[in-house]
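Engineer: with the input below, show me the fold.
(chains A and B)
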Amino acid sequence: DAGITQSPRHKVTETGTPVTLRCHQTENHRYMYWYRQDPGHGLRLIHYSYGVKDTDKGEVSDGYSVSRSKTEDFLLTLESATSSQTSVYFCAISHQGRGTSAYNEQFFGPGTRLTVL
Amino acid sequence: AQSVTQLGSHVSVSEGALVLLRCNYSSSVPPYLFWYVQYPNQGLQLLLKYTSAATLVKGINGFEAEFKKSETSFHLTKPSAHMSDAAEYFCAVSPMDSSYKLIFGSGTRLLVRP
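Structural biologist: Okay, the predicted model is just below:
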């Protein structure tokens, strides 16, 4: 299994509070991704990173920010959590990505279940 | 924009029966294609991938998928279902022109009856 951990694994918070989720990898992969999983929607990309301090938006980025200060860690922050952000959040990594012609095989972490009351 | 359609949010089969999970993609240029499996309370695990080397792709746990360009399909099959196959299955495409992306279908939950 790819060395990807996510913390916390479960979190319950209240509307309006800030929340930070952490993804940590031991694979030294360049590319990291944050997805959210909701019933009927599959996985949708929130943000991704193509290197330290290099990030870009995905299809559902509103209300989220990310940071990557070192290769192994990718943080997802909800500045002011809302009930619509109740979801399961997955981090993924890949060693190929933008700017290459190689296929993008991604490896996933175990997920974080976030409930916003 | 690229999209992936998985027909049937739930598929139920008897143990030992054929498993067929359908996936169609929209693209004028054949993309890279993937099937992932998700067991309860776990992350996604790669089952198999199509990267243009061969149209019939074999994966783990006895699953295989056939890429059909004329039908823009990449259906997942297994000859004989096992109880342990019960999970959610996701088809995903990685567009050739933006290969860092993975676009997922909405998923199909496979139920296996004893």
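Engineer: let me know the secondary structure of the residue most central in space within chain A.
Structural biologist: Geometric centre of chain A, nearest residue: A:W34, 2.2 Å, by Cα atoms, centre = their mean. Three-state assignment for A:W34 (DSSP: H, G, I helix; E, B strand; the rest coil): strand.
Engineer: from A:T5, how far out is it?
Structural biologist: A:W34 sits at a distance of 14 Å from A:T5 (criterion: Cβ to Cβ, to the nearest Å). Heads up, the C-betas are built off the backbone N, CA and C, glycines and all.
Engineer: hmm, back to that, pretty sure the residue nearest to the centre of chain A is touching A:H47, no?
Structural biologist: Yes. A:W34 lies in contact with A:H47 (Cβ atoms under 8 Å); the separation is 5.2 Å.
Engineer: give me the common contacts of those two.
Structural biologist: Common contacts of A:W34 and A:H47, defined by Cβ atoms under 8 Å, 6 or more residues apart in numbering or on different chains, comprise A:58, A:64, A:66, A:76.
Engineer: would a markdown table of the residues you listed with pLDDT and neighbour count be doable?
Structural biologist: Listed next are these as a markdown table, based on pLDDT from 0 to 100; neighbours: other Cβ atoms under 10 Å in any protein chain shown:
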| residue | pLDDT | neighbour count |
| --- | --- | --- |
| A:G58 | 91 | 17 |
| A:Y64 | 97 | 20 |
| A:V66 | 97 | 22 |
| A:L76 | 98 | 23 |
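Engineer: which of the residues you listed lies closest to chain B?
Structural biologist: Closest to chain B out of these is A:G58 (8.4 Å), distances taken as Cβ to the nearest Cβ.
Engineer: now do the contacts for the closest one.
Structural biologist: Contact analysis of A:G58 by Cβ under 8 Å, 6+ apart lists A:33-35, A:44-48.
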